[in-house]
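Engineer: Need coordinates for the below:
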Amino acid sequence: NCFGSDFYREHTVSLKAGYSLLPFLHVGISGNLYLLSIRTEDICVNRKSLQGDYALLLTPVTWLNMAFIQSSVSALLNGRDKDMIYPERSAGILVKPGRGFSVSWNITDTAVEKVNTFNAVINPSRFMSVRGGYCRENSSLAASLSILAGNFFISYGLRLHPYLGYTHS
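Structural biologist: As a prediction, the model looks like this:
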């Protein structure tokens, strides 16, 4: 994943895995390598950080999901690289009112403030997903198209941030 502009750029490489402990309880972990580059007239910084995340997903009924994610566990526990990669916490709820359609609300505790994100997903077929989202606090919009091709998941996303412009992932 790549985020930012010419003077501020974040690259992230991730490896993720998940497992269902029980039919209604799922866990996930990830390892992330963050590469930060800042190049302005006053500062030139290149830093990297290796962090891990964990996630829990509870599905008490088929039409309701509740999730919690803790990112950057290493920065949370030892404080190292906390200034670069803030250990965010996120919780959300997803409701599936009909086949192939879902809406969600998520709140994330960031380094600056709590951020509310609203999202809608339409699955016109078993192998395709179209997603759109809105963040209230910074008025950013996002959209993605995802396709499942055999055992491969291919996704293209576009995000519009009011100050940083477009980000592709």
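Engineer: Got the phi and psi for A75?
Structural biologist: The phi/psi pair for A75 (degrees, to the nearest 10) reads phi -70, psi -30.
Engineer: Check the gap between it and A111 for me.
Structural biologist: Going from A75 to A111 by C-beta to C-beta, to the nearest Å gives 11 Å. Every residue, glycine included, has its C-beta placed from N, CA and C.
Engineer: Show me what the mean pLDDT comes to for stretch 137-144.
Structural biologist: Averaged across stretch 137-144, pLDDT comes to 90.
Engineer: how about it: buried residues?
Structural biologist: Residues of stretch 137-144 classed as buried: S140, A142, S144 (neighbour count, 16 or more other C-beta atoms under 10 Å).
Engineer: cool, and stretch 16-32?
Structural biologist: For stretch 16-32, burial by neighbour count (16+ other C-beta under 10 Å) applies to H26, S30, N32.
Engineer: Do I have it right that the second one meets V13?
Structural biologist: So the one you mean is S30. No - counting by C-beta atoms under 8 Å, S30 does not reach V13; the two are 10.7 Å apart.
Engineer: in this structure, which spans are strands?
Structural biologist: For the chain, applying DSSP state E gives strands covering 2-4, 8-22, 25-39, 44-61, 64-70, 89-98, 101-109, 114-125, 128-135, 140-149, 152-161, 165-168.
Engineer: Kindly calculate the angle that the longest one makes with strand 8-22.
Structural biologist: What separates the directions of strand 44-61 and strand 8-22 is an angle of 30 degrees, with axes from the mean of the first three to the mean of the last three C-alpha atoms, to 10 degrees.
Engineer: Strand 44-61: partners in the sheet, and parallel or antiparallel?
Structural biologist: strand 25-39 (antiparallel), strand 64-70 (antiparallel) (DSSP bridges).
Engineer: show me the contacts for T62.
Structural biologist: For T62, the contacting residues are K96, by C-beta atoms under 8 Å, 6 or more residues apart in numbering.
Engineer: Number of residues surrounding the closest residue in space to H26 that isn't next to it in sequence?
Structural biologist: Closest residue in space to H26, ignoring its immediate chain neighbours: L57 at 4.2 Å, by C-beta to C-beta, 6 or more residues apart in numbering. Using other C-beta atoms under 10 Å, the number of residues around L57 comes to 18.
Engineer: Look up how far R99 lies from R126.
Structural biologist: R126 is 11 Å from R99, by C-beta to C-beta.
Engineer: same deal with Y166?
Structural biologist: Computed with C-beta to C-beta, the distance linking Y166 and R99 is 32 Å.
Engineer: Of the two, which one has the most company?
Structural biologist: A count of neighbours by other C-beta under 10 Å puts Y166 above the other of Y166 and R99, at 9 against 6.
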